[in-house]
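Q: A structural model of the following input is requested.
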Amino acid sequence: MADQPLPFSRYLSANLVVLAPSAAALAILYGTDALAGRPALLAFLGIAAATMIVVQRYLGTLARFARFVSELSGEQEPVMPRLAFAPATEELATAAATLAAGWRRQRASIDNLAASAQAIVDGLPDPLLAVDRQRRIVRTNRAALMLLGPTLPDRDLSTALRHPELLAAIDSLLATTDGKYVGPDQVAVDLVLTGTPERDLTVHARRLPRAAADGSLALIVLHDTTALRRAERMRADFIANASHELKTPIAGIMGFVETLRGPAREDAGARERFLAIMAEQADRMRRLVDDLLMLSRIEQHEHARPDTEVDVKRVLESVRDLLQLEASSRKVTLELAVDPELPAAVGDRDELIVVFQNLIDNAIKYARPATAVKVDARPVGADRLAVTVSDEGEGIPAAHLPRLTERFYRVDNARSRRLGGTGLGLAIVKHVVNRHRGRLDIRSTPGKGSVFTVTLPIAGG
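A: As a prediction, this is how the structure comes out:
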């Protein structure tokens, strides 16, 4: 610790203060003729010289002590200076060093507790926000940042969640009269968070008994209920649609049974015709049940990503061979083009066969006679491959494209049923592609045809 020169004004004033008693005493002695003028002057000069030396050293000691205490307040731990000329300051410096060391230990402990608390908060799966008495955000966790984006401290809650009902509920938690809280200590609000995609949230907020060290007074937890609400809606839609799809063929079969038991009992021609229709309706119900069971199996393990390598070229060749006869019967040419450098995909071979069989079968059914259904497979970027199925059919109006993968959704109900469709094929395709962490893109131009593209991750990508 290098000594710095003392300010001259401080040095001068200190010397004047110390010399004042000696000067007064010498003046009194001189005034009473107890001491002659020359000896009094020499005595004063000697005292002044000694005083200047003593004052300089004493002030230097105090300056070193002051710098030491100042450095103790920082992050570093300074070396104890030599303060022998002023023993009292040396004792004070020792006490200050001990106090600073204890404070640093306490601060490190507090920092560790704060870091542990933040780590625990960040580990919570649900987004959490803490607001102070003025409804300013003072703390968030990682889940909240992922959901709401970066929310800076000291910003009002309304900048992150602009929902009047929620803000009113939080205000009711923080409302006071004469220093006492007058509202409930907890509230719950359901809201829809706009964005892509929309999210259904249930927000629980609770007021703390007292403000925390960082000013937090109310904790807000956002529970994402999107999957639950969607499942409820899908279950209700599924039951309604499935019952409707099964009701029609069952009613038809029951009607034909009654007819065969009654008026057409002896009519051999009618019996054969009705039995053929009944067999067709029974086959329709079989296909519907098979597709429902397949969709249920896929949804059960949709969260589990497959990890085996699949030769997409062989899958497509297998599907082409399976559907070649149907394409020929409809006078449609089935063309397959596979890039020689096509890598293997990560997936489930049987499920990918279902995907491409559905897409190619749909293309064949809706293609115009004497046209081609083209299947093209190629790498896309460094870690993906794309399989495109295109037809030259009537196309699909743009208004229908967003809903094509919904269960039982059909652009043309009569034509779909006539062609043997169950309305579940593209829903199955969507769920399989989701399980493979892939993507399904649909483009269509009315009067020209449709293009379905499945993008899949490649093995080792």
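Q: and stretch 172-182, end to end?
A: 8 Å (C-alpha to C-alpha, to the nearest Å).
Q: contacts for it?
A: 131, 133, 135, 183-187, 205-207, 217-218 (C-beta atoms under 8 Å, 6 or more residues apart in numbering). Any C-beta I mention is one placed from the backbone N, CA and C, and that applies to glycine too.
Q: and it, how far from the chain's centre?
A: 34 Å (C-alpha atoms, centre = their mean, to the nearest Å).
Q: name all residues that make contact with residue 317.
A: So residue 317 contacts residue 336 (C-beta under 8 Å, 6+ apart).
Q: can you verify it is assigned to a helix?
A: Yes: assessed by DSSP: H, G, I helix; E, B strand; the rest coil, residue 317 belongs to a helix.
Q: how far away is it from residue 290?
A: Remark: distance between residue 317 and residue 290 (C-beta to C-beta, to the nearest Å) = 24 Å.
Q: got JSON lines for the contacts of stretch 172-182, with secondary structure, neighbour count and distance to residue 346 too?
A: Converted to JSON lines, those look like this (DSSP: H, G, I helix; E, B strand; the rest coil; neighbours: other C-beta atoms under 10 Å; distance: C-beta to C-beta, whole Å):
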{"residue": "131", "secondary structure": "strand", "neighbour count": "23", "distance to residue 346": "45"}
{"residue": "133", "secondary structure": "coil", "neighbour count": "12", "distance to residue 346": "53"}
{"residue": "135", "secondary structure": "coil", "neighbour count": "17", "distance to residue 346": "48"}
{"residue": "183", "secondary structure": "coil", "neighbour count": "16", "distance to residue 346": "54"}
{"residue": "184", "secondary structure": "coil", "neighbour count": "13", "distance to residue 346": "51"}
{"residue": "185", "secondary structure": "coil", "neighbour count": "12", "distance to residue 346": "51"}
{"residue": "186", "secondary structure": "strand", "neighbour count": "13", "distance to residue 346": "46"}
{"residue": "187", "secondary structure": "strand", "neighbour count": "20", "distance to residue 346": "46"}
{"residue": "205", "secondary structure": "strand", "neighbour count": "24", "distance to residue 346": "43"}
{"residue": "206", "secondary structure": "strand", "neighbour count": "14", "distance to residue 346": "45"}
{"residue": "207", "secondary structure": "strand", "neighbour count": "19", "distance to residue 346": "49"}
{"residue": "217", "secondary structure": "coil", "neighbour count": "20", "distance to residue 346": "49"}
{"residue": "218", "secondary structure": "strand", "neighbour count": "22", "distance to residue 346": "46"}
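Q: which one in these is the model shakiest on?
A: Ranked by pLDDT, the contacts of stretch 172-182 bottom out at residue 183 (85).
Q: contacts only, for the closest residue to residue 306 other than its chain neighbours.
A: Once flanking residues are discounted, residue 306 sits nearest to residue 348: 4.3 Å by C-beta to C-beta, 6 or more residues apart in numbering. Residue 348 makes contacts with 306, 308, 310, 432, 435-436, as judged by C-beta under 8 Å, 6+ apart.
Q: neighbour-wise, give me the winner out of those residues.
A: Neighbour counts for the contacts of residue 348 peak at residue 432, which has 26 neighbours (criterion: other C-beta atoms under 10 Å).
Q: past the helix or strand of the chain with the lowest mean pLDDT, which element shows up next along the chain?
A: Here the helix or strand of the chain ranked lowest by mean pLDDT, DSSP states H and E is helix 413-418, holding a mean of 51. Proceeding N to C from helix 413-418, the next assigned helix or strand is helix 425-435, under DSSP states H and E.
Q: the residue nearest to residue 306 and residue 160, how far apart?
A: 41 Å.
Q: coming back round to it: need the contacts of residue 348 in CSV (columns: distance to residue 228).
A: Formatted as CSV, the contacts of residue 348 follow (distance: C-beta to C-beta, whole Å):
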residue, distance to residue 228
306, 26
308, 32
310, 33
432, 23
435, 20
436, 25
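Q: I'd like the residues you listed laid out as a markdown table, including distance to residue 200 and pLDDT.
A: Below are these laid out as a markdown table (distance: C-beta to C-beta, whole Å; pLDDT from 0 to 100):
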| residue | distance to residue 200 | pLDDT |
| --- | --- | --- |
| 306 | 29 | 83 |
| 308 | 35 | 88 |
| 310 | 36 | 90 |
| 432 | 26 | 87 |
| 435 | 23 | 85 |
| 436 | 26 | 87 |
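Q: which of the residues you listed sits closest to residue 255?
A: Proximity of these to residue 255 (C-beta to C-beta) peaks at residue 432, which lies at 36.9 Å.
Q: domains of the chain?
A: Domain ranges of the chain: 8-102, 124-224, 232-300, 302-461, per automatic domain parsing.
Q: give me whichever of these is most buried.
A: By mean neighbour count, with neighbours taken as mean count of other C-beta atoms under 10 Å, domain 302-461 ranks first of the domains of the chain at a mean of 17.
Q: what about that domain, distance to the chain center?
A: 31 Å.
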